[in-house]
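Enquirer: Here is the input, now give the coordinates:
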Amino acid sequence: MPAAQLPVPPAELGRPLREVTFVVVDLETTGSRAADSEITEIGAVKIRGGEVLAELATLVRPDAPIPPFISVLTGITDAMVATAPRIDAALPTFLEFAHGSVLVAHNAPFDLGFLREACIRCGHPVPDWEHLDTLRIARQVLGRDETPNHKLASLARLFPADAGPCHRALADARATVAVLHGLFERLGGFGVTTLEELHGFSRKVSPARRRKRHLADDLPTGPGVYIFRDSSDRPLYVGTSRSVRARVRSYFTAGEPRQRMAAMVASAERVDAISCAHALEAQVREVRLIAEHKPPYNRRSRNPERAVYLKITDEPYPRLSRVRAARDDGTYLGPFPSMAVADLAAAAIHEAIPLRQCATRLSPRRPTAACALVELGRCGAPCDGRESPQEYARHVAAAVTAITADPQVVVDAARVRIATLAAEQRYEDAAVVRDRLLAFLHASQRLQRLAALTGVAEMTAAAPTDEGGWDIAV
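Expert: A predicted model of the protein is given here:
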């Protein structure tokens, strides 16, 4: 962003964007929640006036092992971080690097949440960072005619970066720099040339939206579920919060940047609330209400009947079959959000284990002709009798183990295939194999976690509250 492109405003109007020092930061972590996950990598780029002043990149050794699906997603393994500094050594370096600068991140609440949590854990004062969120700015500046969504990868294609994001901290921070500069150019068309004007621009709220704040006045202050309704009493949106009144009020402020939520608020005429004993009860009620009413502005949990599972069929030569519901009659993998994702996971299993892929019901007493997969070494030909039911059962047992206990056989096969394709410079094909493995790992991890919980006939769970008490669910 050349400095000459921006006019020079009077000094009293604020700090010109070209004179502000920004530190664009990206983190890789072991999970999505700062409270129970850790930072594994920090990447930061210091810029001013469109020029890069310095860069910082460091791996961070977490206390707990890195989950396998995170390693597959980021490429960061336990071996890579074995000699890396712990967060109490890496954090002061970043704090010094960012001191006096305005922080920038894509989906800033995520990165700032982890940084604040790290400061608390390490005994550092939590800085009151002035910050910008490129995701929030992009949602206000860019329409669907320019980009299908506002993910970093999509924006990096719109504002071409030297290298696209790849779930590594420094590379993603560099991509965010390109996006930030592209957004600055767009903001010039809105007359935004100073940091103060940019803060004001990102807080814009229409008067009509602000006038509806009274809808939150009589709502409870504790945990619960809230339901926005239109003039005909139709549920528009169902949500949950630990403080219902405060959360609903945020929909009428700049704290809610999503455009679809602005459209929802414009149609809303009433907000109902159901008080709950604690957050867990609220979350359960929310899922049930969304499934019952299918509110148009909810995207998640609206159609649980559309979930897809992979089932190992019950027949002499079992295979993977897509089904719509999981029952207590065999081994299932899922749920998947779509058939396409289920097919990715099935392909990962077939890459490692020679389960048959034909849909015909086979019988040991009635051989049929083998298909081309036999010649490719992808199937042992139970159809024409080359594998007995007992020999084929070994493959079924391996698939059950991979789904319900240890996915290593699928991970190993995918890694070998990815390495082979990468050596042949077939990077797009390698990315397809990676996506298949991720689909399988996400589903198997969720299945194993849920199976352990649902297998308990009666459970009492307790979680400490911020007030020093306990939330208890039976």
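
Enquirer: can we go C-alpha only for contacts and neighbour counts from here?
Expert: Fine.

Enquirer: Give me the helices and strands touching the least confident helix or strand in the chain by mean pLDDT, please.
Expert: Per-element confidence for the chain was summarised using mean pLDDT, DSSP states H and E. The lowest value among helices and strands belongs to helix 372-375, with a mean of 73. The contact analysis (3 or more C-alpha pairs under 8 Å, 6 or more residues apart in numbering; DSSP states H and E) places helix 372-375 against no helix or strand.

Enquirer: Quick check: what element follows that helix along the chain?
Expert: Toward the C-terminal end, the helix or strand that comes next after helix 372-375 (DSSP states H and E) is helix 389-404.

Enquirer: How far off centre is that following helix?
Expert: Relative to the mean C-alpha coordinate of its chain, helix 389-404 is positioned 32 Å out (C-alpha atoms, centre = their mean, to the nearest Å).

Enquirer: In it, which residues are buried?
Expert: Neighbour-count burial for helix 389-404, with 16 or more other C-alpha atoms under 10 Å as criterion, is recorded at Pro389, Tyr392, Ala393, His395, Val396, Ala398, Ala399, Val400, Ala402, Ile403, Thr404.

Enquirer: Test my guess that Ser154 contacts Thr147.
Expert: Yes: contact criterion C-alpha atoms under 8 Å: Ser154 and Thr147 qualify, at 6.7 Å.

Enquirer: quick one: secondary structure of Ala84?
Expert: Look at Ala84: counting by DSSP: H, G, I helix; E, B strand; the rest coil, its state is coil.

Enquirer: Do you know the pLDDT at it?
Expert: According to the prediction, Ala84 has pLDDT 96.

Enquirer: now Ser232
Expert: Confidence at Ser232, expressed as pLDDT, is 94.

Enquirer: Check Ala325 too.
Expert: Looking at Ala325, its pLDDT reads 85.

Enquirer: Would you mark the buried spots in stretch 167-174?
Expert: For stretch 167-174, burial by neighbour count (16+ other C-alpha under 10 Å) applies to His167, Arg168, Ala169, Leu170, Ala171, Asp172, Ala173, Arg174.

Enquirer: Kindly apply the preceding question to stretch 126-141 instead.
Expert: With burial defined by 16+ other C-alpha under 10 Å, the residues of stretch 126-141 counted as buried are His131, Leu132, Asp133, Thr134, Leu135, Arg136, Ile137, Ala138, Arg139, Gln140.

Enquirer: Sort out which one of those lies nearest Gly330 for me.
Expert: Leu135 (43.3 Å; C-alpha to C-alpha).

Enquirer: how about the helices in the stretch 301-450 of the chain?
Expert: Counting by DSSP state H, counting those that start in this stretch, the stretch 301-450 of the chain forms helices over residues 339-352, 372-375, 389-404, 408-423, 427-454, given from the N-terminal end onward.

Enquirer: pLDDT averaged over the last one, what's the number?
Expert: Read it as helix 427-454. The average of the pLDDT scores along helix 427-454 is 91.

Enquirer: Show me how far it is from its chain's centre.
Expert: Between the mean C-alpha point of helix 427-454 and the mean C-alpha point of its chain there is a distance of 14 Å (C-alpha atoms, centre = their mean).

Enquirer: got it, and the fourth one?
Expert: Helix 408-423 has its C-alpha centroid displaced from the chain centroid by 24 Å (C-alpha atoms, centre = their mean).

Enquirer: Centre of the chain to stretch 361-380, how far?
Expert: Counting by C-alpha atoms, centre = their mean, stretch 361-380 comes out at 40 Å from the chain centroid.

Enquirer: Touching that stretch from outside, list them.
Expert: Here stretch 361-380 makes contact (C-alpha atoms under 8 Å, 6 or more residues apart in numbering) with 315-317, 350-351, 353-356, 381-389, 392.

Enquirer: Pull out the CA atoms of stretch 241-260 and give them to me as CSV.
Expert: The C-alpha coordinates for stretch 241-260 follow below in CSV (Å, rounded to 0.1, in the frame of the first residue of the first chain):
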residue,chain,number,x,y,z
SER,A,241,-25.5,-17.9,26.6
ARG,A,242,-24.3,-17.9,30.1
SER,A,243,-25.9,-14.4,30.4
VAL,A,244,-28.9,-14.3,28.2
ARG,A,245,-29.6,-10.6,28.6
ALA,A,246,-26.1,-9.5,27.9
ARG,A,247,-25.8,-11.8,24.8
VAL,A,248,-29.1,-10.6,23.3
ARG,A,249,-28.1,-7.0,23.9
SER,A,250,-24.9,-7.6,21.8
TYR,A,251,-27.1,-8.2,18.7
PHE,A,252,-28.1,-4.6,18.7
THR,A,253,-24.5,-3.3,18.9
ALA,A,254,-21.3,-3.4,16.8
GLY,A,255,-20.3,-6.5,18.8
GLU,A,256,-22.4,-8.6,16.3
PRO,A,257,-20.7,-8.1,12.9
ARG,A,258,-22.5,-10.9,10.9
GLN,A,259,-24.6,-9.5,8.1
ARG,A,260,-27.2,-12.4,8.4
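
Enquirer: Let me see the residues that make contact with that stretch.
Expert: Stretch 241-260 is contacted by residues 136, 139-140, 202-205, 209-213, 216-226, 261-262, 265, 273, 278-279, 282, 297 when judged by C-alpha under 8 Å, 6+ apart.

Enquirer: one step back: now intersect the buried residues of stretch 126-141 with the strands, please.
Expert: Taking DSSP state E, the ones among the buried residues of stretch 126-141 that sit in strands are His131, Leu132, Asp133.

Enquirer: check contacts around the second one.
Expert: Leu132 makes contact with Val102, Leu103, Val104, Ala105, Ala108 under the criterion C-alpha under 8 Å, 6+ apart.

Enquirer: Quick check: the second one is in a strand.
Expert: Yes: judged by three-state DSSP, Leu103 forms part of a strand.

Enquirer: which residues touch the closest residue to it other than its chain neighbours?
Expert: Closest residue to Leu103 apart from its sequence neighbours, by C-alpha to C-alpha, 6 or more residues apart in numbering: His131 at 4.5 Å. Going by C-alpha under 8 Å, 6+ apart, His131 touches Val102, Leu103, Val104, Ala105, Ala108.

Enquirer: what do you get if the cut-off is 7 Å, keeping everything else the same?
Expert: Val102, Leu103, Val104 (C-alpha atoms under 7 Å, 6 or more residues apart in numbering).

Enquirer: before we move on, back to that, generate a PyMOL selection restricted to the buried subset of the contacts of stretch 241-260.
Expert: Listed next is the PyMOL selection for buried residues among the contacts of stretch 241-260, using 16+ other C-alpha under 10 Å:
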select buried, resi 136+139+140+202+203+205+212+216+219+220+221+222+223+224+225+226+261+262+265+273+278+279+282+297
